[in-house]
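In: Quick one: sequence and predicted model below, then my questions.
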Amino acid sequence: MSKTTPATLALTKAGIPFTTATYDYDPDADRVGLQAAEAMGVSPAIVLKTLMAEVDGKPVCVVVPSDEEVNMKKLAAAFGGKSAHMMKPADAERLTGYKVGGISPFGQKKPVPTAIEELATLEDKIFLNGGQRGLQIRMKPDDLVAALGGKAADLIR
């Protein structure tokens, strides 16, 4: 497995400190983030999942702990919109350039506005997808927010 992806290249170019971790990706797992946390032996609260959604028809990126669910009303409100829904997997892959199960908020083909669940910013270090199934990036939450130009918001139920 290559540890060089558009995500790792984007972070390196931006001078954002990170490390990588690998795990055995299970394509049959019901919830990829929970499977990643279990495989790495860490709490699911610090393994964040990257989701692609639409708010009022415009694409957005959402980063939340893998053991949580996004509240669509809160997501819409975070972007000043009225309604939100999850993007279809094929559309997410086309927009980001990544395969579902390997979508990273970094190095996407077409960058979109990003929101990060505020509880995740309280952790010392977090993991998130490195742009490839089975590859995780470990970094400080403040660096995540800064690198994405994103905003922390209450996004979960």
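Out: Arrived safely.
In: and the residue nearest the centre of the chain, what element?
Out: Nearest to the geometric centre of the chain sits Thr50, at 2.4 Å (CA atoms, centre = their mean). Here Thr50 sits within strand 47-55, counting by DSSP states H and E.
In: mind saving the C-alpha coords of that strand as CSV?
Out: The C-alpha coordinates for strand 47-55 follow below in CSV (Å, rounded to 0.1, in the frame of the first residue of the first chain):
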residue,chain,number,x,y,z
VAL,A,47,-11.4,8.1,14.2
LEU,A,48,-13.3,10.5,12.1
LYS,A,49,-15.3,9.7,9.0
THR,A,50,-15.4,11.9,6.0
LEU,A,51,-18.9,12.2,4.4
MET,A,52,-20.0,14.0,1.3
ALA,A,53,-23.4,15.7,1.4
GLU,A,54,-25.4,18.4,-0.3
VAL,A,55,-26.8,21.5,1.4
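In: ok, it: who's next to it in the sheet?
Out: Applying DSSP bridges, strand 47-55 is found paired with strand 58-65 (antiparallel), strand 84-86 (antiparallel), strand 126-129 (parallel).
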